[in-house]
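Engineer: Let me see the structure of the following:
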Amino acid sequence: MKVEIIERDDQYVLNHCTKYLARDGSEPRHDFGQYPPGDPGAAVCEAWRFPVVDTHWDGVSAETSYPFNDVTFVHDGRATAVGSVAVVGTFGPLHSPVPLRPVLFAGEPTGFRSVTVRVPKGQVHAYKFAVDGTHAVDPVNPQRTVLDNGRTWSRFFTDACAVPLELSRAERAVLGRLVGHLLPFRLEENRRFIRGVYESLDRERRRAEFPLAYQLDEEVGTVNYIDKVISRQERHLADDYHTCLRIIGDLVRARSGGRDPAVVEPELYTDLYVQMADERVDGWDYGRYASPRHFLLVLRRHAMTGAFVHPRHGGNSGAAGWMYLESRFRDAGGATLFDWRRALESPLGHNTDYRG
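Structural biologist: Below is the predicted model:
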């Protein structure tokens, strides 16, 4: 599997990294308790942005560019001078490190090194830096994964990744029921609409839009979006989900006589929502999580965002959420007030200028 290196100039790298990495102080910043004491990632503004996963453009067309991302690895060597830095990962041969080049500003070294590689969308990969021949995890990227041999590696995922990263199968099942009752698609009229959207995607269109139409369900990929957002941008909320989904699963089983939370009647969840909003949930373990209402607000925010976000973030599968809005909001003449295709490139839209 050959690694394709993409040429990105120094200005691009600096634009995407200096405002997050170039700080004089080393005190913790944007740390919500997800970093252990002394972790250098806590001092980085929005460390989850590394490596940089960006739009790929091959200079030919949106159709041929669309299936890929450009992933830029950045190593910060300002504090300690190094002789060489390379990256090795599952996106290429593990025995062939890809060297990072020095990043210059006004012709002078900045201490940063970088390399950009092309990686298909919908994937998750592990990687390490080889600094002067010694392998180590990326000290900036907060994502970690433990491989089968017990070794810890850094991790990244590309756009529209459908591989579960944070939530277990049981957690996703409970979350799917919770999300299903928060979104407007649970009404029968809207359920028929969503089913019609997915059924209208013929094999050729599904192949063209892969991996954005991977999860053909009435939650339009929102569960997958939440799995991704708590794996990266909002890792500090991952424990909230693990704790509350376990509590809710136990509650539903207790109230339904031991039945699987994935198949109980919807009224049970409706009652639970009302009680969570009122902060009075019989059987809730307040010692483990003090405010069910707080979790409900977090869940509502994530659910609505995941239903209508750009599909590259893992939700709004196949743009079904946008199609729903397109059908609902029309002027007196019947024309849609939400013509989202004008803003997007192929294959989802028809804009010839936008690339990403």
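
Engineer: Okay, buried residues for the particular helix or strand that has residue 305 in it please.
Structural biologist: Mapping residue 305 onto the secondary structure by DSSP states H and E places it in helix 292-308. Buried residues in helix 292-308, counted by 16 or more other Cβ atoms under 10 Å: 292, 295-296, 298-300, 302-308. From N, CA and C alone the C-beta is placed, and that goes for glycine too.

Engineer: What mean pLDDT does the top strand by length along the chain get?
Structural biologist: For the chain, the strand with the greatest residue count under DSSP state E is strand 108-120. For strand 108-120, mean pLDDT rounds to 95.

Engineer: Starting from it, tell me which strands it pairs with and how they run.
Structural biologist: strand 5-6 (antiparallel), strand 68-76 (antiparallel), strand 101-105 (antiparallel) (DSSP bridges).

Engineer: Just name the most buried of those.
Structural biologist: Comparing these by mean neighbour count (mean count of other Cβ atoms under 10 Å), strand 68-76 ranks first with a mean of 23.

Engineer: how far does that strand sit from the chain's center?
Structural biologist: Relative to the centre of its chain, strand 68-76 is centred 16 Å away, using Cα atoms, centre = their mean, to the nearest Å.

Engineer: helix or strand right after that strand?
Structural biologist: Criterion used, DSSP H and E; the element after strand 68-76 is strand 85-89.

Engineer: between that following strand and strand 108-120, how big is the angle?
Structural biologist: 10 degrees (axes from the mean of the first three to the mean of the last three Cα atoms, to 10 degrees).

Engineer: still on that earlier bit, please put the alpha-carbon coordinates of the helix holding residue 305 into PDB.
Structural biologist: Below are the C-alpha coordinates for helix 292-308, written out as PDB (Å, rounded to 0.1, in the frame of the first residue of the first chain):
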ATOM      1  CA  PRO A 292     -30.000  13.800  34.500                       C
ATOM      2  CA  ARG A 293     -31.300  17.100  33.000                       C
ATOM      3  CA  HIS A 294     -27.700  18.200  32.200                       C
ATOM      4  CA  PHE A 295     -27.100  15.000  30.200                       C
ATOM      5  CA  LEU A 296     -30.500  15.400  28.500                       C
ATOM      6  CA  LEU A 297     -29.400  18.900  27.300                       C
ATOM      7  CA  VAL A 298     -26.100  17.600  26.100                       C
ATOM      8  CA  LEU A 299     -27.900  14.800  24.200                       C
ATOM      9  CA  ARG A 300     -30.400  17.100  22.600                       C
ATOM     10  CA  ARG A 301     -27.600  19.400  21.400                       C
ATOM     11  CA  HIS A 302     -25.700  16.500  19.900                       C
ATOM     12  CA  ALA A 303     -28.800  14.900  18.400                       C
ATOM     13  CA  MET A 304     -29.900  17.900  16.500                       C
ATOM     14  CA  THR A 305     -26.400  18.800  15.400                       C
ATOM     15  CA  GLY A 306     -25.800  15.200  14.200                       C
ATOM     16  CA  ALA A 307     -29.100  15.100  12.200                       C
ATOM     17  CA  PHE A 308     -28.300  18.300  10.200                       C
END
